[in-house]
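Asker: need coordinates for the below:
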Amino acid sequence: MKTFLEYSSSFEIKIDADLLDFGTKDSEYCIFQNSTLLLTPAGNMFSHPSEGVVRLLITDLQLFNSSSLPVLSTPILYSFRKDIFKADDDPFLHLWKNLLISDPFVLIKTTGNQANQLFSPDDPLFSFSFITLTVLIELVNDFASKAMSEIIMEESDLHPFPEILKLSYNRLSPDQKVAVQALSNVHQSGIVLPLLLILDEIGTDEYVKGLISLKLRTKEQYAETLAEVVGVRTYLDLIMQKQAQGKTTLALIKEGEGDATEFKSTLRWDIRAGKTNPAIERSCLKTIAAFLNSKGGSLLIGVRDDGSIEGLETDKFANEDKFLLHLWTLIRTCLGRDFSTYIHTRLEKIDEKTVCVVDCLPSNRPAFLHQPGFDEEMYIRIGPSSNALNISEALKYIEDRFSNLINL
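Answerer: Presented below is the predicted three-dimensional model:
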């Protein structure tokens, strides 16, 4: 059975970027090439229930041809999941024993060694490595302590940490397992670092600095490696967002507006004036921008402030497709085409009226709203509202929020 690295090295599909498009088939979004379904090397469709996932796949395919796709690109992650990964015969588990033996964090936890035993004092990055690995070991200890209280384990004379790792990995979704495998294979990073990254026990910056400290990447590769990891996390966040949409639109409405939820009666129609109004569009756009710049959230268009349903019908579009086309045109032209991968839209019928839910992930770079006829501004969420920042506030916020990702 192929590992992720073996699969990615032989990955090849014929792509003509100009002919790629996406549509729907069997209630899922799919990628088409010249009206024919695009297939993985093993003949599986590029399809997913999440529009955001398919948008991300198609934009990555349009940026590269199959022979130049980065190893950790989303099409290869997706194809490996469809073509190779099987829950009952997971290729990663065939490597598990050797990965445990070679993982420095497993060695430290099971033998009681210290961080400074992983490198020489003569190392020019000694201070950086010592600080980085000391922090990571503390985070590994926190993870292990928390896992011990959450996972039921059988008593054994063996050290519990390897079993904690195995049980934690087995609890992941298939897509999360593929992400762990991909990072581990490509970066030769063992088990602990990629597992804790996918479990959100460590951040992307801590993961990459850990690779540098362990001599798995050089400091010159910092930005490149960080971009790889951010790409994997973005793809996984989109997938997990779709899987986590157990909270229905009705539940969001019942909870009311808050840090991560906002209601707008219409997209473009000024109900008081009885006509379309760019200021109404801007009200929706600044909420989306604020969610992108903060911790993400959901904008519900067609819902009044009190939670009652106005419906998209008030916007007077010819049909729902025209509504979505107009919304996505606004997003692309006023925020930027590259932010579309962080945004997912869905339409739902409530009380025989249509509501549009715009789910936004936190972006890895600042989103500025530049709508014709208005000043360019940057918005963030402060409590249940979207607030514009002045220049000095924006610079400080960008430094704090995006300092590790600003050059990607």
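
Asker: can you tell me the helix or strand for Ser184?
Answerer: Per DSSP states H and E, Ser184 falls inside helix 174-187.

Asker: which outside residues touch the helix or strand that that helix is followed by?
Answerer: Next in sequence after helix 174-187, counting helices and strands by DSSP H and E, comes helix 192-198. By CB atoms under 8 Å, 6 or more residues apart in numbering, the residues outside helix 192-198 that reach it are 103, 105-106, 136, 139-140, 143, 165, 168-169, 172, 176, 179-181, 183-184, 187, 202-204, 207, 210-211, 229, 233, 236. Using the backbone N, CA and C atoms, a C-beta is placed for each residue, glycine as well.

Asker: need the residues that contact stretch 167-186.
Answerer: With contact meaning CB under 8 Å, 6+ apart, stretch 167-186 is reached by 3-5, 8, 71-72, 77, 80-81, 85, 87, 90-92, 99, 147, 151, 153, 189-191, 193-195, 197-199, 207, 228-229, 232, 235-236, 239-240, 243.

Asker: and it, how far out from the chain's middle?
Answerer: In terms of CA atoms, centre = their mean, to the nearest Å, the centre of stretch 167-186 is set 15 Å apart from its chain centre.

Asker: in it, what's buried?
Answerer: Applying a neighbour-count criterion of 16 or more other CB atoms under 10 Å, one finds 168-169, 175-186 buried in stretch 167-186.

Asker: which one of these sits closest to Glu376?
Answerer: Nearest to Glu376 out of the buried residues of stretch 167-186 is Ala179 (CB to CB; 35.6 Å).

Asker: what about the residue nearest to Glu201 when sequence neighbours are not counted, neighbour count?
Answerer: Nearest residue to Glu201, sequence neighbours excluded (CB to CB, 6 or more residues apart in numbering): Phe143, at 4.7 Å. Neighbourhood size, Phe143 [other CB atoms under 10 Å]: 20.

Asker: which strands and helices lie in contact with whichever strand or helix holds Leu211?
Answerer: Assignment of secondary structure by DSSP H and E places Leu211 within helix 204-213. Where contact means 3 or more CB pairs under 8 Å, 6 or more residues apart in numbering; DSSP states H and E, helix 204-213 is packed against helix 126-150, helix 192-198, helix 222-243.

Asker: okay, these in TSV with mean pLDDT next?
Answerer: As requested, these are exported to TSV (pLDDT from 0 to 100):
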stretch	mean pLDDT
helix 126-150	85
helix 192-198	96
helix 222-243	86
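
Asker: so which of those is the most packed in?
Answerer: Ranked by mean neighbour count under mean count of other CB atoms under 10 Å, these are led by helix 192-198, which reaches a mean of 25.

Asker: CA atoms of that helix as PDB?
Answerer: The C-alpha trace of helix 192-198 is given here as PDB (Å, rounded to 0.1, in the frame of the first residue of the first chain):
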ATOM      1  CA  VAL A 192       3.600  13.900  17.600                       C
ATOM      2  CA  LEU A 193       4.000  17.300  15.800                       C
ATOM      3  CA  PRO A 194       1.500  16.600  12.900                       C
ATOM      4  CA  LEU A 195      -1.000  15.000  15.300                       C
ATOM      5  CA  LEU A 196      -1.000  17.900  17.700                       C
ATOM      6  CA  LEU A 197      -1.200  20.400  14.900                       C
ATOM      7  CA  ILE A 198      -4.400  18.700  13.500                       C
END
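
Asker: nearest to Tyr29 among the buried residues of stretch 167-186?
Answerer: Asp175 (16.0 Å).

Asker: check contacts around the residue nearest to Glu201.
Answerer: Leu196, Leu199, Glu201.

Asker: closest one of these to Ile253?
Answerer: Ranked by distance to Ile253 (CB to CB), these are led by Leu199 at 31.2 Å.

Asker: and the closest one, how close does it get to Val140?
Answerer: Distance of Leu199 to Val140, given as CB to CB, to the nearest Å: 11 Å.

Asker: and what of Ile239?
Answerer: As judged by CB to CB, Ile239 and Val140 stand 26 Å apart.

Asker: make JSON lines out of the helices and strands packed on helix 204-213 and add distance to Pro278.
Answerer: Below are the helices and strands packed on helix 204-213 laid out as JSON lines (distance: least, CB to CB, whole Å):
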{"stretch": "helix 126-150", "distance to Pro278": "47"}
{"stretch": "helix 192-198", "distance to Pro278": "42"}
{"stretch": "helix 222-243", "distance to Pro278": "30"}
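
Asker: what about these, which gets the closest to Arg332?
Answerer: Of all these, helix 222-243 sits nearest to Arg332, with 17.7 Å by CB to CB.

Asker: give me the most central residue, the chain.
Answerer: Central residue of the chain (CA atoms, centre = their mean): Thr234, 2.4 Å from the mean position.

Asker: helix, strand or coil for the nearest residue to that residue once chain neighbours are set aside?
Answerer: Nearest residue to Thr234, sequence neighbours excluded (CB to CB, 6+ apart): Thr341, at 6.5 Å. What DSSP: H, G, I helix; E, B strand; the rest coil gives for Thr341 is helix.

Asker: hang on, isn't Thr341 packed against Val54?
Answerer: No. Taking contacts as CB atoms under 8 Å, Thr341 lies outside contact range of Val54: 10.3 Å.

Asker: before we move on, back to that, and which of the contacts of Phe143 is nearest His48?
Answerer: Comparing those against His48 with CB to CB picks out Leu199 as the nearest, at 22.7 Å.

Asker: burial count for the closest one?
Answerer: As a measure of burial, Leu199 has 16 neighbours, counting by other CB under 10 Å.

Asker: residues in contact with it?
Answerer: By CB under 8 Å, 6+ apart, Leu199 lies in contact with Phe143, Ser168, Leu172.

Asker: so can I have JSON lines of those residues showing distance to Ser298?
Answerer: Formatted as JSON lines, the contacts of Leu199 follow (distance: CB to CB, whole Å):
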{"residue": "Phe143", "distance to Ser298": "30"}
{"residue": "Ser168", "distance to Ser298": "29"}
{"residue": "Leu172", "distance to Ser298": "25"}
